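Q: take this sequence and fold it.
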Amino acid sequence: LAALQVETRTLAMLHGLLRQLHATCARLAAGARAFPGNVQETAGHVRHGMEGVQASLSHAHSLDDLSGLVLAQSRERVMRAQLSIDELLEYVGQHAPLPWLVGPFAPALVEYPEDVPVEMAKWEGCVTAG
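A: You can find the predicted model right below:
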């Protein structure tokens with residue numbers, strides 16, 4: 001009985017993670033529309049690969065429904081997606097304007113004009129660029 005409960009909870013977590021992953025990849029692909037075609041294409045490949053993982057794994061009603069081949073293919077798709085996301089992050093890090101990247105995390109850089117003094121004591125210990 002305990003093993004069945006663990007399996008049921010594991011599958012529920014898997015299905016939840018797959019839903020979150022699908023939603024995240026859809027947002028990634030939608031957000032990539034502001035970037036050049038090759039970046040959009042990479043984001044589309046990530047989304048498509050994760051849709052394949054979701055299709056392969058989401059219909060499992062027990063762990064026995066997941067063959068070694070399905071798990072191996074899913075793992076390969078996730079690894080390729082991770083490499084593509086790393087490429088996307090590198091591109092964004094190199095080509096996006098700094099205020100777009102830091103946004104609300106660095107209000108002193110974004111919200112205050114240069115001639116307005118900023119209380120730097122609250123930023124003590126933060127790493128600055130430049």
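Q: do I have it right that Met63 meets Thr8?
A: Wrong residue type there; residue 63 is Leu, not Met. No - using Cβ atoms under 8 Å, Leu63 makes no contact with Thr8, being 9.9 Å away. Quick note: C-beta positions are derived from backbone N, CA and C, even for glycine.
Q: can you map out the helices along the chain?
A: For the chain, the helices defined by DSSP state H cover 2-31, 37-57, 68-95, 98-102, 107-110.
Q: who does the first one touch, helix- and strand-wise?
A: Judged by 3 or more Cβ pairs under 8 Å, 6 or more residues apart in numbering; DSSP states H and E, helix 2-31 is in contact with helix 37-57, helix 68-95.
Q: and the ones you listed, which is most packed in?
A: Ranked by mean neighbour count under mean count of other Cβ atoms under 10 Å, the helices and strands packed on helix 2-31 are led by helix 37-57, which reaches a mean of 17.
Q: name the residues that touch it?
A: The contact list for helix 37-57, computed with Cβ atoms under 8 Å, 6 or more residues apart in numbering, reads 14, 18-19, 21-22, 25-26, 28-29, 31-33, 66, 70, 73-74, 77-78, 80-81, 84-85, 87-88, 91.
Q: name the helix or strand of this structure that has the lowest mean pLDDT.
A: Across the helices and strands of the chain, the lowest-confidence element by mean pLDDT, DSSP states H and E is helix 107-110, at a mean of 50.
Q: on that earlier part again, okay, the helices and strands packed on helix 2-31 in a markdown table with mean pLDDT and distance to Leu4 next?
A: As requested, the helices and strands packed on helix 2-31 are arranged in a markdown table below (pLDDT from 0 to 100; distance: least, Cβ to Cβ, whole Å):
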| stretch | mean pLDDT | distance to Leu4 |
| --- | --- | --- |
| helix 37-57 | 91 | 19 |
| helix 68-95 | 90 | 20 |
